[in-house]
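A.B. asks: Whatever this is, show me its structure:
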Amino acid sequence: MAKENTKATSTDIAKGTSNTPYDDSFRTMLEECPRLLIPVINEMFGTSYSEDTTVFLTKNEQVNAVNHTKRITDANVVLLDKKCRYHLECQTVYDGSMIQRMLTYDDDIANHNIEYLNSNKSNACRIRHKSGIIYLKKDSRIDKTLTVTDIEDGVPGKTHRIEVLRIWDYTAEELVQKKLYFLFPFSFFFFEKKNGKVKTEKQPLSVFADSLKVLYNAIRKSNLTDWEKGITTEVMHVVAENYLKNDPELLEEVAKMGGTAYMTKTRMAYDEGVSYGMREGRLEERRTAITKIYRSILSTGKTPKDAITTLREYEFTEEEINNALLNQKW
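C.D. replies: Numbering: from 1, shown residues only. The predicted structure follows:
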């Protein structure tokens, strides 16, 4: 959900010092394991992107061109290989103003993606993107799709469609089957009943524990990297600690699931310096993204200067741009 320009680090998440644990857990998964978002996009929008599609996160701070107010969105994603853009929000509870808010965010984002069609800038096009909301807490008022139709001079025009993924529509087995590892940390919400409690007489502790075991076992047996396994498991623990803070019996059950080994492995990687190689891998990913964006812009007939300006808008640093483009043959 959009919020003020504050951001918890992954360290804050791990230490439990975040004031917005669910939003920040979503952001942590997005930044540390962006590849895991691809199956979520496929599920929400009916696409079929492969797992090796390059995922790039654009800046999530949007400044309104009229009143200069700033809004922070959860996820602005570009799939570079397909040149497709997606705007996703993670919403914990029902909000009746969500359509209006999404349209406002989407307009702000689109206004930053204007391409001029002539030299005096009298003709332009706006690059639109697809939008979606991931809802966590069950509510009968939340439909699977939101739509808004523009009406001009009394005549209906373009209909804007916002896709909705409701976490409670899935079982643990379905999350595994669809490889929705990105959503594993938020699986606690689909156990919730109307009274806000997870455990009821109809849903004993054993049912809850069995479903979590399915998820933890799937992580261990998956082809995820050690880094992705560690971050996913760690964020699951963070969400559990916040979601189950008033239910120590269930929290203890989560602690027995065996996820601690991966959580410890991830933190030990930092202590031992192994994370250096992981950081280098992400840097290489960013360098690849820079060259792809640069080539794509040049192919439209724009100048290298235009391409550099666009790269800066994507929040690449001057050093990153120079290093990526140095000695390249264009």
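
A.B. asks: quick one, domains of this structure?
C.D. replies: The record's domain split for the chain, according to automatic domain parsing, is 1-169, 277-325.

A.B. asks: So which of these is nearest Asp210?
C.D. replies: Each of the domains of the chain has some distance to Asp210 by CB to CB; the shortest is domain 1-169, at 17.5 Å. Where you see a C-beta, it was placed from the backbone N, CA and C, and this is true even at glycine.

A.B. asks: That closest one - what's its average pLDDT?
C.D. replies: Domain 1-169 shows a mean pLDDT of 76.

A.B. asks: Regarding this structure, what is its longest strand?
C.D. replies: Longest strand in the chain, counting residues (DSSP state E): strand 155-166.

A.B. asks: for it, packing partners?
C.D. replies: For strand 155-166, the helices and strands in contact under the criterion 3 or more CB pairs under 8 Å, 6 or more residues apart in numbering; DSSP states H and E are helix 37-45, helix 98-111, strand 130-135, strand 145-152.

A.B. asks: on that earlier part again, any chance of the domains of the chain in JSON lines, plus distance to Arg220?
C.D. replies: Converted to JSON lines, the domains of the chain look like this (distance: least, CB to CB, whole Å):
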{"stretch": "domain 1-169", "distance to Arg220": "16"}
{"stretch": "domain 277-325", "distance to Arg220": "19"}
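
A.B. asks: rewinding a little: would you mind listing the buried residues in the longest strand of the chain?
C.D. replies: When neighbours are counted by 16 or more other CB atoms under 10 Å, the buried residues of strand 155-166 are found to be Ile162, Glu163, Val164, Leu165, Arg166.

A.B. asks: What are the boundaries of the helices in the stretch 201-330 of the chain?
C.D. replies: Using DSSP state H, counting those that start in this stretch, the helices of the stretch 201-330 of the chain run over 205-221, 226-243, 248-255, 260-272, 275-298, 304-313, 318-325.

A.B. asks: what angle do the second one and helix 248-255 make?
C.D. replies: Right, the one you point to is helix 226-243. Helix 226-243 runs at 180 degrees relative to helix 248-255, counting by axes from the mean of the first three to the mean of the last three CA atoms, to 10 degrees.
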